[in-house]
Every structure is written in structure tokens, then in C-alpha cells.
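Student: Here you go, sequence then predicted model.
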Amino acid sequence: MLKKQLGNKIQTLRKRKKLTQEKFAELIGIDAKNVSKIENGNNYPTPETLTAIAKALDVDIYELFVFQNNLPYEKMRQEIINNLADEKVVLYLYQVLKGAANF
């Protein structure tokens with residue numbers, strides 16, 4: 001579910017900037033096919049790519065993970081805690097945060 005939400009958010013922000021997948025791919029240094037896979041929720045971007053995506057879209061990395069502005073803080077917090085039971089999610093988030101620290 002997180003991959004799909006992240007992909008949708010990236011696609012929405014990319015379209016707001018009126019960028020094609022090809023131009024966006026150029027800006028972030030990956031193949032357009034990979035942009036499509038990320039936006040469709042089939043792949044997670046690497047921490048480096050996530051940093052490049054945020055920069056190209058003129059947003060902070062955390063903003064890519066804000067999916068519903070009307071979601072109460074406690075519900076968001078609980079969803080995050082529930083997802084931390086998955087080792088892969090913890091590892092991924094750690095890598096994202098480490099990449100963000102170098103941004």
C-alpha cells in the first residue's frame with residue numbers, strides 16, 4: 001500500500017509541474033520505465049533517487065509521504081507504528097532518513 005501511495009503522490013506532483021515522465025526521468029537520473037514503475041507502485045525509489053525526486057519536485061522528502069492532509073495525527077502515527085512491524089519497512093525508512101540527512 002505504501003508503494004502505491006508514494007507512487008500516486010510522485011505522479012500527482014510531477015503532473016502539477018507539467019513534467020512528462022521522460023523529462024522527469026532526465027531530471028532525476030533514471031530511465032523513464034523506472035519512473036513508470038515507481039508511479040504505478042511497482043518499485044520503491046532508492047534513497048538517492050528519492051532525494052533527486054524531492055529536489056526535482058521542489059518538496060522536502062517527508063512531503064512525499066504525506067498522503068492525506070485530513071488524516072488525524074493519531075491515526076497517521078498508529079499506521080506508521082503498525083507498519084514498523086515489517087523489517088523491510090524499517091530498513092527502507094532508515095535508508096530514506098539517512099539519505100535525507102545528506103540532502
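Tutor: That came in fine, so what should we check first?

Student: and Leu19, what element?
Tutor: In the assignment (DSSP states H and E), Leu19 maps to no helix and no strand.

Student: Ramachandran angles for it?
Tutor: phi -100, psi 130 (degrees, to the nearest 10).

Student: State the pLDDT value of it.
Tutor: Leu19 carries a pLDDT value of 97.

Student: That one touches Leu27, doesn't it?
Tutor: Yes - using CB atoms under 8 Å, Leu19 is in contact with Leu27, at 7.3 Å. In short, each C-beta sits where N, CA and C put it, glycine included.

Student: residues touching the residue in the chain sticking out farthest from the centre, list them.
Tutor: Among residues of the chain, the one most distant from the C-alpha centroid is Glu74; the distance is 21.5 Å, by CA atoms, centre = their mean. Residues near Glu74 by CB atoms under 8 Å, 6 or more residues apart in numbering: none.

Student: Okay, buried residues for the host helix or strand of it please.
Tutor: Assigned by DSSP H and E, Glu74 belongs to helix 73-83. By neighbour count with 16 or more other CB atoms under 10 Å, helix 73-83 contains no buried residues.

Student: Would you tell me what the next helix or strand after that helix is?
Tutor: Using DSSP H and E, the helix or strand that follows helix 73-83 in sequence is helix 87-101.

Student: Excluding chain neighbours, what is closest to Lys37?
Tutor: Using CB to CB, 6 or more residues apart in numbering and skipping the chain neighbours, the partner closest in space to Lys37 is Asn43 (4.2 Å).

Student: could you list every residue that touches that neighbour?
Tutor: Residues near Asn43 by CB under 8 Å, 6+ apart: 3, 34, 37.

Student: Out of these, which is nearest to Asn82?
Tutor: Lys3 (16.1 Å; CB to CB).

Student: if we can go back for a sec, quickly list what's touching both of Leu19 and Leu27.
Tutor: Taking CB under 8 Å, 6+ apart as the criterion, Leu19 and Leu27 both touch Ala56.

Student: Let's verify Asn43: helix, strand, or coil?
Tutor: coil (DSSP: H, G, I helix; E, B strand; the rest coil).
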